[in-house]
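>>> only geometry, no sequence info:
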């Protein structure tokens, strides 16, 4: 589950205490169900460096953040190990709005085995 960034997360603002409690409870449920592999938040892109490869076998261009638009960036991720796509969707639907303020967006992606 990829947690997309928002203007608030890119500004380095943490969610309010009620949302933090809800996210803690959600993560606890994932752990108790033995499906959470890892969960991490990411620093805003103003602290990031991007490497862009334009030609094979050539050095990449290096660009310092911040990167725009915020909604195209990642604020964090939760890696889960479940039996099916359907089970992953069920867990993703249970996640509270990760950004609060109606700005949250989760992208569910499968990893290669």
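That came in fine, so what should we check first? Everything numeric here is computed off the predicted structure, so don't read it as measured data. Numbering: from 1, shown residues only.

>>> Next, give phi and psi for residue 86.
Main-chain dihedrals, residue 86, degrees, to the nearest 10: phi -60, psi -40.

>>> What segments of the protein are helices?
Along the chain, counting by DSSP state H, helices occupy 7-10, 17-32, 85-94.

>>> For the last one, which helices and strands make contact with it?
When contacts are defined as 3 or more Cβ pairs under 8 Å, 6 or more residues apart in numbering; DSSP states H and E, helix 85-94 sits against helix 17-32. For the C-beta atoms, the positions are set from N, CA and C on the backbone; glycine is no exception.

>>> Can you give me the buried ones in the helix it packs on?
19, 22-23, 26, 30 (16 or more other Cβ atoms under 10 Å).

>>> ok, these vs residue 109, which is closest?
Within the buried residues of helix 17-32, the smallest distance to residue 109 is 16.6 Å, found for residue 30 (Cβ to Cβ).

>>> Report the contact partners of that closest one.
By Cβ atoms under 8 Å, 6 or more residues apart in numbering, the residues touching residue 30 are 36, 39, 78, 80, 91.

>>> Show me those that map onto strands.
Among the contacts of residue 30, the members falling in strands (DSSP state E) are 36, 39, 78, 80.
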